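Trainee: Just the structure for this:
(chains A and B)
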Amino acid sequence: MPRFQLILCERTGRWSAELRRAGILPLRETRSLSECSDALRGAARAAVLMELDAVNLAAASEWLAERERAFPFAQTSVALPCALQSQEPWLRELGVRQVLYRDQDVEPFVRRLRQRQTPIEPSDEELLHELLTDPQSLRIN
Amino acid sequence: MPSRSSRSSLTELTRLFQKAVEPLYVVDEDRRILFANAALGEWAGVQPHELIGQQTNFYSSVENTAVETTAAEEGDSETAPLISNTAAPATAADFPPAISAATPLAGPQSGGPLPTESQRIRILRDVAAALCPPPEALAGARCQMRLLALRPGAAEREADCWPLHSPSGGCAGVLVRLTAVDDAPENAVAPAGDAVALHDRLASFRRAWRGRFQPGRLIGDSPALQQIRAQIELAASGPANVLILGPAGSGRKQIARTIHTLRDPAGHQPLPIVACRDADWEELESQLRGLGAARSTLQTAAAPPAGVPIGCCFLTEVEQLSADSQFSLVKFLAEARPLRIYATAASDLGDRVAQESFRSDLYSALATLVIQIPPLTARRGDIGLLAQAFLEEQNARGGKQLSGFTPDAIEGLVRYPWPGEVGQLQRIVAAAHAAAEGPAIQRGDLPPEILLAEKAHLRRRPPLEPIQLDRTLAELETRLIQRALRQAKQNKSKAAKLLGLSRPRLYRRMVQLGMISPSELVLKPLPDEADENS
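Mentor: I've put the predicted structure just below:
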């Protein structure tokens, strides 16, 4: 399993189609926040893209706050409908790195993801955290 | 064109609504406020005419924290002593001048500072957001929702939403009447449904989120933590940038957010995180510029006066910035409108500046005030308190309730080296809470890493004592010289012979070993030597 991977949490399938079109592989698709947590347990440094809407915003906020404690090295981005743009500062406060509103936002998102996917040696802190929280993730592939 | 009688009737209707003691308002189909009466203005803490035309959107404002803050100010909450420490108890003072007409608590009469234009706009936006009827009402269904208090001293209200239908059958608007929660007729109408529940859940989560960052949440009474508390108060009393240094997991973010919460208890100013790890300048810049975009979305186009910070940002792990990014950030900070910056970094950032791997001008820009968090092992006395706090956090989630830790469990925690700092302690307590079966966490309930570390500690060899080679040899030499002197009846020439030394060398050695003083080193010639010389 590569050290970086993308975990996508969405219901509609819209973003997985866009990301596949942009050539993002491997892509781990999940359909709920708990599935997303399970996926992160096996890849503590993965990038996460979550599709949010008015219905799951509250639950996702709680999940993001918990993620900071449980998976501090996971990099989280969200896809938001334009109507929820006012929520962006709040989501940034919870540690969201990028916010995607429309299809055009996929390209810069993918570009940055690829930059981060270039092999970067994890710091001692990261290795230690992974060892403490998920010893399986450190196995040699 | 309405006739005179209909105009008169309209005026009468408006007057009737205006005089009503119940807060009333009307929104149109586009969710804009068309009418708001004086009672609503008084309850919400704004002038009703300022609400006219405001767009309402159905989302939970972060700023609905008035109830919490009011409780604290009145001293009926456990958070009260914490908030009273702040230099700017901002809730009342942050309200617009309009409020001072509605409530004597705020505005110049109370000596509080007047809110800025941008604060006023934000408050109006938030009040309008809170008043948005649920989408079900705009879809034509009569429903109720709960409105949290929007200003200190106000009470929660039940909002009764009456959709007004157009001839085409669509919704032309909604008339909303607020009643006291106790007066709301039980089961008079169906609740608005899941959307309102989610709305309330989000608002409630945001209040809880803010509540996490009170000074009382910084557990421990070690001198190090007491110093940090004092520094937090100092940081909260002014606008200085704050740099928080410490190992990962030591609670750097918690401290930054605590300072921010003290500076802005009403939560008007978001604190977006700008992560420096694995980020190139392009990404950082987009995040930093995004702060401006987000603010302009929130505050409309009205820019604050020059010199007034337009926002805050929280740079995490700044030591991870590349040299290029450091340069660009310095330039950005010099050119941008004032930003209040919180930053975190590894403990050795000062050393990196000395080694020139981190720019000194960037360090100076960030480090107006520096808070250094010591590792958990440097304040082991706090571990018991922290563990108990984390255990009670688990209890608060419902389900299994545990009283605490057995003494040997605490001993195991105190001995552990905690490479993952407070964050690791929190995770370990959560794991032990899940594993425990008894009323308290026992040593056996702790995760294997703690138990293994304890076993390793017990099996550890006793520490080797250092060998003082010089001292030991000197002692040995002294004893041998003393023995030779005894055997030679204190005759130094004979003693020197016994030791295989010349007489002058024996004297020098005795001086070096402190057996005689240097003044005795003036050698007297032996009788036979004197004869030879003569």
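Trainee: Could you pull up the residues touching the closest residue to residue A:26 other than its chain neighbours?
Mentor: The shortest distance from residue A:26 to any non-neighbouring residue, by C-beta to C-beta, 6 or more residues apart in numbering or on different chains, is to residue A:5 (5.4 Å). For every residue, glycine as well, the C-beta is placed using N, CA and C. By C-beta atoms under 8 Å, 6 or more residues apart in numbering or on different chains, the contact set of residue A:5 is A:26, A:27, A:28, A:43, A:46, A:47.
Trainee: Specify which member of those is nearest to residue B:23.
Mentor: residue A:47 (46.9 Å; C-beta to C-beta).
Trainee: can you count the residues close to the closest one?
Mentor: Per other C-beta atoms under 10 Å in any protein chain shown, the neighbour tally for residue A:47 reads 23.
Trainee: Where helices are concerned, which of the contacts of residue A:5 count?
Mentor: Within the contacts of residue A:5, no residue falls in helices by DSSP state H.
Trainee: Narrow those to those that are buried.
Mentor: Buried by 16 or more other C-beta atoms under 10 Å in any protein chain shown: A:28, A:43, A:46, A:47, out of the contacts of residue A:5.
Trainee: Tabulate those residues in JSON lines, adding columns for distance to chain B and pLDDT.
Mentor: Shown next, in JSON lines, are the buried ones among the contacts of residue A:5 (distance: C-beta to the nearest C-beta, whole Å; pLDDT from 0 to 100):
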{"residue": "A:28", "distance to chain B": "19", "pLDDT": "88"}
{"residue": "A:43", "distance to chain B": "15", "pLDDT": "82"}
{"residue": "A:46", "distance to chain B": "13", "pLDDT": "87"}
{"residue": "A:47", "distance to chain B": "10", "pLDDT": "91"}
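Trainee: now, which of the residues you listed lie within strands?
Mentor: A:28, A:47 (DSSP state E).
Trainee: what are the phi and psi values for whatever residue of chain A ends up closest to chain B?
Mentor: Across chain A, no residue is closer to chain B than residue A:92, which sits at 3.3 Å (C-beta to the nearest C-beta). Main-chain dihedrals, residue A:92, degrees, to the nearest 10: phi -60, psi -40.
Trainee: wait, doesn't it sit right on residue B:288?
Mentor: No. If you go by C-beta atoms under 8 Å, residue A:92 and residue B:288 don't touch, sitting 11.0 Å apart.
Trainee: Show me the shaky parts of the stretch 151-300 of chain B.
Mentor: B:152, B:182-199, B:290-300 (pLDDT under 70).
Trainee: And the helices in it?
Mentor: Secondary structure of the stretch 151-300 of chain B, counting by DSSP state H, counting those that start in this stretch: helices at B:194-211, B:223-236, B:252-263, B:281-299.
Trainee: any bit of the third one sitting next to chain A?
Mentor: Yes. On the criterion C-beta under 8 Å from any C-beta of the partner chain, helix B:252-263 is in touch with chain A at residue B:253.
Trainee: what angle do that helix and helix B:223-236 make?
Mentor: 40 degrees (axes from the mean of the first three to the mean of the last three C-alpha atoms, to 10 degrees).
Trainee: Can you name every helix or strand that helix B:252-263 contacts?
Mentor: Other helices and strands packing on helix B:252-263, by 3 or more C-beta pairs under 8 Å, 6 or more residues apart in numbering or on different chains; DSSP states H and E, are helix B:223-236, strand B:242-245, strand B:311-316, strand B:339-345.
Trainee: Kindly recompute the last result at 7 Å.
Mentor: If you count contacts as 3 or more C-beta pairs under 7 Å, 6 or more residues apart in numbering or on different chains; DSSP states H and E, helix B:252-263 packs onto helix B:223-236, strand B:242-245, strand B:339-345.
Trainee: show me where pLDDT drops low in chain A?
Mentor: A:1-4, A:25, A:117-141.
Trainee: Let me see the ranges of the strands in it.
Mentor: Counting by DSSP E, chain A has strands at residues A:6-9, A:27-30, A:47-51, A:75-79, A:98-100.
Trainee: Need the buried ones among the contacts of residue A:5 in a markdown table (columns: distance to residue B:483).
Mentor: Listed next are the buried ones among the contacts of residue A:5 as a markdown table, based on distance: C-beta to C-beta, whole Å:
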| residue | distance to residue B:483 |
| --- | --- |
| A:28 | 82 |
| A:43 | 74 |
| A:46 | 76 |
| A:47 | 79 |
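Trainee: from the buried ones among the contacts of residue A:5, which single one is nearest residue B:365?
Mentor: For the buried ones among the contacts of residue A:5, the nearest to residue B:365 is residue A:47 (29.9 Å; C-beta to C-beta).
Trainee: And the helices of the stretch 151-300 of chain B: which comes nearest residue B:469?
Mentor: Among the helices of the stretch 151-300 of chain B, the nearest to residue B:469 by C-beta to C-beta is helix B:223-236 (38.5 Å).
Trainee: so what does that closest one touch, helix or strand wise?
Mentor: helix B:252-263, strand B:369-372.
Trainee: hang on, residue B:371 packs against residue B:244?
Mentor: Yes. Contact criterion C-beta atoms under 7 Å: residue B:371 and residue B:244 qualify, at 4.8 Å.
Trainee: winner for burial among the helices of the stretch 151-300 of chain B?
Mentor: helix B:252-263 (a mean of 23; mean count of other C-beta atoms under 10 Å in any protein chain shown).
Trainee: Give me the distance from that helix to the chain's centre.
Mentor: 3 Å (C-alpha atoms, centre = their mean, to the nearest Å).
Trainee: List of residues touching that helix?
Mentor: B:86, B:210, B:213-215, B:218, B:228, B:232, B:235-236, B:242, B:244, B:246, B:271, B:312, B:314, B:342, B:344, B:371, B:373 (C-beta atoms under 7 Å, 6 or more residues apart in numbering or on different chains).
Trainee: tally of neighbours for whichever residue of the stretch 151-300 of chain B sits closest to chain A?
Mentor: Closest contact between the stretch 151-300 of chain B and chain A, by C-beta to the nearest C-beta, is at residue B:272 (3.3 Å). By other C-beta under 10 Å, 24 other residues sit near residue B:272.
Trainee: Could you do the one 3 residues further on as well?
Mentor: The tally of other residues near residue B:275 (other C-beta under 10 Å) stands at 19.
Trainee: wait, it sits on residue B:316?
Mentor: Yes. Taking C-beta under 7 Å as the definition, residue B:275 is a contact partner of residue B:316 at 5.3 Å.
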